[in-house]
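Chemist: Could you look at this predicted model? Sequence included:
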Amino acid sequence: MRRGALTLAVLSQLDSPQYGYSLVQRLEASGLVIDQSTLYPLLRRLEKQELVTSTWDTTESRPRKYYMLSEYGEEIFAQLKVEWEKTSQELHNLLRGEKNDGSD
């Protein structure tokens, strides 16, 4: 479950170009701690799945690889977000002891 949450969290932050450390900072500012040893393999996997694109910026003294959602990634993120919200609500109802009577 955490892996899915981290994927969704990372995708949510890539509407503008981010490099790894800036992404870690943005996530931590929102209360979600992610280790760099988890983040970079996740970014590579998302790039391989064509959800994320990357470009190198070599204008600074230290080159940085920036990641951003691809067009396909935007579509998948929107779908995942809807599914996550639906599942979260269902789980929330279960944890509160509410039962689905099937009339939805």
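Modeler: Structure received.
Chemist: And the pLDDT at D101?
Modeler: As predicted, D101 sits at a pLDDT of 56.
Chemist: low-scoring stretches of the protein, by residue?
Modeler: Within the chain, the stretches with pLDDT under 70 are 99-104.
Chemist: For the strand or helix carrying L42, buried residues please.
Modeler: Following DSSP states H and E, one finds L42 within helix 36-48. Using 16 or more other C-beta atoms under 10 Å as the test for burial, helix 36-48 gives 39, 42-43, 46-47. Every C-beta, even on glycine, is put in place using the N, C-alpha and C of the backbone.
Chemist: Can you tell me which of those is nearest R64?
Modeler: R64 has its nearest neighbour among the buried residues of helix 36-48 in L43, at 12.7 Å by C-beta to C-beta.
Chemist: follow-up on the earlier one: what lines up beside the helix or strand just after the helix holding L42 in the sheet?
Modeler: Per DSSP H and E, helix 36-48 leads on to strand 52-57 as the next helix or strand towards the C-terminus. Sheet pairing for strand 52-57, assigned by DSSP bridges, gives strand 64-69 (antiparallel).
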